[in-house]
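Colleague: Attaching a predicted model along with its sequence, questions to come.
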Amino acid sequence: MRLFHILLLPLCLLFAQVGPGAGLLANMGPKMDDYKCGLNGGHCYYSPCPEPTESYGHCYRGRARCC
């Protein structure tokens, strides 16, 4: 029985660590700005918007414009 507990401890510690994909679950709730821009028919530009369009939002966490 003691051997079972000794073998079970490393297994529990292995699964208790936070894996590299754990942050992916945080984005499942609210959608990202670039996703919303694409749904509304816009495009994300790092440069100023082309002439016939206008900026109506931001993409990529505020680094680009949604036109």
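Modeller: That came in fine, so what should we check first? Numbers count the residues shown, from 1 in each chain.

Colleague: longest helix of the chain?
Modeller: helix 2-16 (DSSP state H).

Colleague: Now do the buried residues in the helix or strand bottoming out on mean pLDDT in the chain.
Modeller: Scoring the helices and strands of the chain by mean pLDDT, DSSP states H and E places helix 2-16 at the bottom, with a mean of 76. Of the residues in helix 2-16, none has enough neighbours to count as buried (16 or more other Cβ atoms under 10 Å). No exception for glycine: its C-beta is placed from N, CA and C like everyone else's.

Colleague: name the helices or strands packed onto it?
Modeller: Identification of packing neighbours for helix 2-16 by 3 or more Cβ pairs under 8 Å, 6 or more residues apart in numbering; DSSP states H and E yields no helix or strand.

Colleague: need the next SSE after that helix, C-terminal direction.
Modeller: helix 33-39 (DSSP states H and E).

Colleague: Could I get the buried residue list for that following helix?
Modeller: So, applying 16+ other Cβ under 10 Å, buried residues of helix 33-39: 33-34, 37.

Colleague: what's the answer for stretch 41-51, then?
Modeller: Buried, per 16+ other Cβ under 10 Å, within stretch 41-51: 42, 44.

Colleague: any low-confidence regions in this structure?
Modeller: Within the chain, the ranges that satisfy pLDDT under 70 run 1, 12-13, 15-31.

Colleague: at 80 instead, please
Modeller: 1, 4-5, 7, 11-34 (pLDDT under 80).

Colleague: can you pull the contacts of Cys67?
Modeller: 42-45, 49-50, 53-56 (Cβ atoms under 8 Å, 6 or more residues apart in numbering).

Colleague: Closest to Ala64 out of the residues you listed?
Modeller: Using Cβ to Cβ, Cys44 comes nearest to Ala64 of those, at 4.6 Å.

Colleague: Perfect, that will be all.
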